[in-house]
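J.: Task: produce atomic coordinates for the following.
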Amino acid sequence: MKWEKKGLIFQVDGSLPWARSHAQVPLVERIDDERLRIYYGTRDDKNRTRTSFIEVRADNPREIIYQHPQPILELGEPGTFDDAGVMPSEIVRYKGRSYFFYVGWNTGHTARYRTALGLAVSEDNRSFKKVATGPVMDRGIHDPVAVSCQAIVIEDDLWRTWYMSYTAWREVEGLMEPSYEIKYAESRDGIEWKREGITSVALEGEEGGLACPTVIHEEGRYRMWYSVRGQKNYRLDKSASYRIGYAESADGIHFERKDHLAGLDVSAEGWDSAMVAYPNVIRQGKKLLMFYNGNGFGASGLGWAECMS
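T.: Residues are numbered from 1 along each chain as shown. A predicted model of the protein is given here:
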């Protein structure tokens, strides 16, 4: 497949105390035929993350028609899993309600941070309320380190998810660094998840992380896009930084990696010249739209590309 880059959509301007930098991990929702909503994670002066959104024209996402003036969720109370961060992960509509899954995180000691997955629900798709003070998916027997960003597809009332599972924290060139791959789980309500330790997409070679899957099921195949990075110096070394990966599956559980078909790489210059990361893909008529971050894990903003596929 071949993606045509359309450019930068949005950067935070640093004027709000809760949004000093980053528009990270874009999550796109179709509101109606004319509007798309893009949720993003943004950071304050203490590097804590909150989530807000913009709305753009569906036929021209470069045109922003609304910018939400505050976060949609607040940080958790001290000591809870989301006391330092609330980042977008997935949103699905089910039986008239909107289910917003988010990555909650707090700081660590031996590991620099710890993540888990929380859930908030909305009746009007605008105001969200956390279902609990704790996460709906956390580290456990099959995910002993941490869990993070997920994709969800609901089929015949079965909730299917592909999520980041942290495999280890290791010291790399004097800094503790995480590794993570993509695993699979199922649920009947989006709250209680059955995990059996199934890896859908595994790390290969010198890779350090597979991040933020997005999945579309159409024409008898599951298509997944995700981010791939190296183990060492991926923040500064362009060759080791995030790129877009791609995989396919017939059953939605075991995926075959076809990264060479991803079709989108860094630009020669500009906002996405060092990395392309955290893809979120939706179908818009005959086109696929990919929303993604560029340099600095979202510090340079978020943009989009189109594919006639």
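
J.: residues contacting the residue nearest to Tyr242 when sequence neighbours are not counted?
T.: Leaving aside its sequence neighbours, Tyr242 sits nearest to Ala277 (CB to CB, 6 or more residues apart in numbering; 3.7 Å). Backbone N, C-alpha and C define where each C-beta goes, glycine included. Shown in contact with Ala277 (CB atoms under 8 Å, 6 or more residues apart in numbering): Ala211, Cys212, Ser227, Ser241, Tyr242, Ile244, Tyr292, Asn293, Gly294, Phe297, Gly298.

J.: just curious, which of the residues you listed is nearest to Asn60?
T.: The nearest member of these to Asn60, counting by CB to CB, is Tyr292 at 17.4 Å.

J.: which outside residues touch whichever strand or helix holds the closest one?
T.: Assigned by DSSP states H and E, Tyr292 falls within strand 287-293. Residues from elsewhere that reach strand 287-293 (CB under 8 Å, 6+ apart): 1, 3, 9, 23-26, 28, 38, 61, 216, 225, 244, 264, 272, 275-283, 300-309.

J.: Which of those residues are buried? Put it as a ChimeraX command.
T.: Buried residues within the contacts of strand 287-293, by 16 or more other CB atoms under 10 Å, are selected in ChimeraX with:
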select :3,9,23,24,25,26,28,38,61,216,225,244,264,272,275,276,277,278,279,280,281,282,300,301,302,303,304,305,306
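
J.: From the contacts of strand 287-293, which land in strands?
T.: Judged by DSSP state E, strands contain the following of the contacts of strand 287-293: 9, 23-26, 28, 38, 61, 216, 225, 244, 277-283, 302-307.

J.: pLDDT weak spots in the protein?
T.: With pLDDT under 70 as the threshold, the chain has low-confidence stretches at 309.

J.: Let's see that with 90 instead.
T.: 1-2, 125-126, 173, 285-286, 308-309 (pLDDT under 90).

J.: Where do the helices of it begin and end?
T.: Remark: helices of the chain are absent; assignment by DSSP state H.
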